[in-house]
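[1] all I have is the shape, not the residue letters:
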């Protein structure tokens, strides 16, 4: 049977989608409001179909696990429980293979946005709107991990006990210079839901004030990410389920938006890193596939309503690398089951003294609010591991902020210089695990994703509207 | 509405906002903005505006061409600058109000440039210099008979003296456990909105009842002092030694906010040089020069101490301040008669005060709150007890004027205290309820005002409500807030009026911010705290560029 006609039809359709559709979008953008509305009603299917699935299927369900994967995982859901803390697994952290989905969740919990060892670093961050309105800032963060340099201290602490302290000193932009925050992180418990003692110093008020802790799942003002996106959800608050495996080839992407990023060493020395050398798990990750992919387990978690009765999240999907369980991609779905947030990361092994990949820490994180089409980033720079002295520990008190003293002035020159250089929206990975991932975006968002993927950088409304 | 349209509408007004927003005005404004945003963003003009916004986002000429080149050229030197402009316009027309000839519309048209210079001699030693250059155009542009305060003090119109221009100038030495700051500086104690234990510096009260907590930073009058803090684990001890002294600056004759209750009227006050310079008063009494604390006299210096303790979710502190009264006490020191009748000789003098204060805050998360589930809450409490504050005693003064004896002043202890409950509702809706109490011990009806006491009464009670919410469809760049401050009092007056403030502030870029402010005064009688300003409703515009 001759299928040439079918291939020709596919080619024509692809051409139409690639070349003609963006022009249609551009025309519709300039058309009167009625046409825009019509376009918004008619185009969703077309627009969504523009996001091409990968040329080869990279994912498979649990039933298609490879032999190695089958040995790596324990599919049981009724594993023994900890005698003292019944809501935790009996096996002690960091567990040994085979791993249950829950145990993988505990391991992934080791890799919160902030590294779990004492250090100081500069966090360059920014947010951009769909129209290209860009804000950026730099905050120097000192972290005092009060016990062991991993999640164990948090897991085994008494509910309500502090396990980490952070001092945040904003240095850029000028209006934020001198603004400070102190976070005292506490282990949650059923009767002690507070996770944070939160203090703020505002230079214009010159006062240190205790603040109500942010609502955990609500995006912080002006940002895409929520408090829980930054500090993680404690694994005992969730139910865990393994749904398959996937291979990720890219997380944070630089197709043409930026050639270099200027990064800083702990001593403040700056150096340029070509963006095409930035890999999801850093340069030294030993388990890259020959084609550069990172094999991941994919896990779905849902809030345990006993712990999180009013939590406005229906589920979270994690892509965890299969060796260290580092979360390279996280998706959060809202109460109605719609995709709300995508977080993708690159990581670097910053603390090589820790075993079993526990020294990996987030380098670049992209938070994409799909609903608001808001893209935020956080880049950790000038990472300087510290063993705090007795004197240094004096810094970790709320009153210290009144001094406006930045003892470790870590710097960052990693910020983008123009909206066009900004980080792209992450791939939607449509079609993967369709039963668990109802990925849908508005037609306008879909059009902007198509435009950015074609251009290799963010495309803003007025640019897209021009033929 | 189609599904797509509904989603779009939800997107623009912010997720969940229709569910959680209780305040109809917020919802209305948010919805109006969403509609405007939808229409505007889908037009060619809207796209040009978006392009303009992209260019504004990185527009920072002060940083690019001034501060950053200087900092690169001189290692260890930090420079920053702020340009501010504030203007307030009355909504009611020209008319005489009380003793005031209010033939002006502008309450202020102030431009302020702040230049900050910081030099690090070493990681531990830094020199800081913050300078203010202010000009209030209102005195030169209004051509009003009611605006002449610069005759009393030129700082109402512009800063042209070292003490005003050089706002802060200090050398700091810091180690992990010890902080030593020597020089001219301002200190803000306390955690509460408003002034409770925040009493170290005097204040420029030119804006009278419209002065807000957010203005204190630029309205405090800095003092030369030595400021030492020692840090123990969860405890810090702060000691201040203050040889310097500044009196409060009040909205005097000819100032836009001069009280309508202050006699005589402007027609008589404007050209009365003796009155303007406090050599006489409206009754024709003689006022001698004010006795002020003397820098050279060690016994005249002020000292203060503050202890702060953090204990888990609870923080608390104690303060003591051996201070001077900021307003001179007007003692009667003699009598004389002339053709107009009997008059007094008054000697103003700043007197000593002992302040004892406490502050505390506590945080918790309430579970199982109907509709919203969990609710983070912070509780704050603050109080200042002042020993022997001086009040003008008008009964005593009348006795002296009639030939009796006395100095026309009586001493009373005062208490001012506040509780605050701050709630973090969904959608970043923040609500603060702050009941505040001002109380004068052993009060009687003849008393005037004194430090820390109630206004014209035994007690004032102000249950302040503050509501604030960013508009998510603007990526939180637009923030709406409302403050409602009613004043209740006893035992004679019941209600002294209320102040309502509505603010819409917009982040034009990371460097530029703009605000539109409405302030209204309602209720109370013409002699009440807010009642006297019932015709002073105004609209303000504020712009700020920081680089």
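    Happy to help now that I have it. Not measured: the values here are computed from a predicted model.

[2] drop to CA atoms for contacts and neighbour counts, all remaining ones
    Will do.

[3] counting neighbours, what do you get for residue B:479?
    Around residue B:479 there are 19 other residues, counting by other C-alpha atoms under 10 Å in any protein chain shown.

[4] that one and residue B:213: what is the separation?
    Distance of residue B:479 to residue B:213, given as C-alpha to C-alpha, to the nearest Å: 18 Å.

[5] bridge partners for the residue nearest to residue B:457 when sequence neighbours are not counted, pull those for me.
    Counting by C-alpha to C-alpha, 6 or more residues apart in numbering or on different chains, residue B:490 is the residue found nearest to residue B:457 once chain neighbours are left out, at 6.0 Å. Beta bridges link residue B:490 to residue B:459, judged by DSSP bridges.

[6] my read: residue B:490 touches residue B:460, true?
    Yes - look at residue B:490 against residue B:460 with C-alpha atoms under 8 Å: they come within range, at 6.8 Å.

[7] name the helices or strands packed onto whatever helix or strand residue B:499 lives in?
    If you go by DSSP states H and E, residue B:499 is part of strand B:495-507. Under the contact definition 3 or more C-alpha pairs under 8 Å, 6 or more residues apart in numbering or on different chains; DSSP states H and E, strand B:495-507 sits against strand B:478-490, strand B:512-522.

[8] coming back round to it: compare residue B:490 and residue B:460 (neighbour count), which wins?
    Applying other C-alpha under 10 Å to residue B:490 and residue B:460 shows that residue B:460 carries more neighbours, namely 26 against 16.

[9] isn't the more buried one right up against residue B:440?
    No - at 9.3 Å, residue B:460 does not count as touching residue B:440 under the criterion of C-alpha under 8 Å.

[10] anything in contact with each of those two?
    residue B:454 (C-alpha atoms under 8 Å, 6 or more residues apart in numbering or on different chains).

[11] for residue B:517, give the beta-bridge partners.
    Taking DSSP bridges, one obtains residue B:503, residue B:540 as the residues bridged to residue B:517.

[12] next: residue B:307.
    Here residue B:307 sits in beta bridges with residue B:237, residue B:318, as judged by DSSP bridges.

[13] for it, give me its contacts.
    By C-alpha under 8 Å, 6+ apart, the residues touching residue B:307 are B:235-238, B:317-319.

[14] go again with 7 Å.
    B:236-238, B:317-319 (C-alpha atoms under 7 Å, 6 or more residues apart in numbering or on different chains).

[15] got it, and residue B:126?
    Here residue B:126 is in contact with B:118-120, B:171-173 (criterion: C-alpha under 7 Å, 6+ apart).

[16] what does chain B have sitting close to chain A?
    Within chain B, the positions adjacent to chain A are B:4, B:11, B:42-44, B:47, B:50, B:53-54, B:57, B:176-177, B:188-191, B:214, B:217, B:233-234, B:313, B:361, B:363-365, B:373, B:376-378, B:423-424, B:427, B:475-477, B:510-511, B:546-547 by C-alpha under 7 Å from any C-alpha of the partner chain.

[17] got a PyMOL select line for the buried ones in those?
    A single PyMOL command selects the buried members of these (16 or more other C-alpha atoms under 10 Å in any protein chain shown):
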select buried, chain B and resi 4+11+42+43+44+47+50+53+54+57+176+177+188+189+190+191+217+234+313+361+363+364+365+376+377+378+423+424+427+475+476+477+510+511+546+547
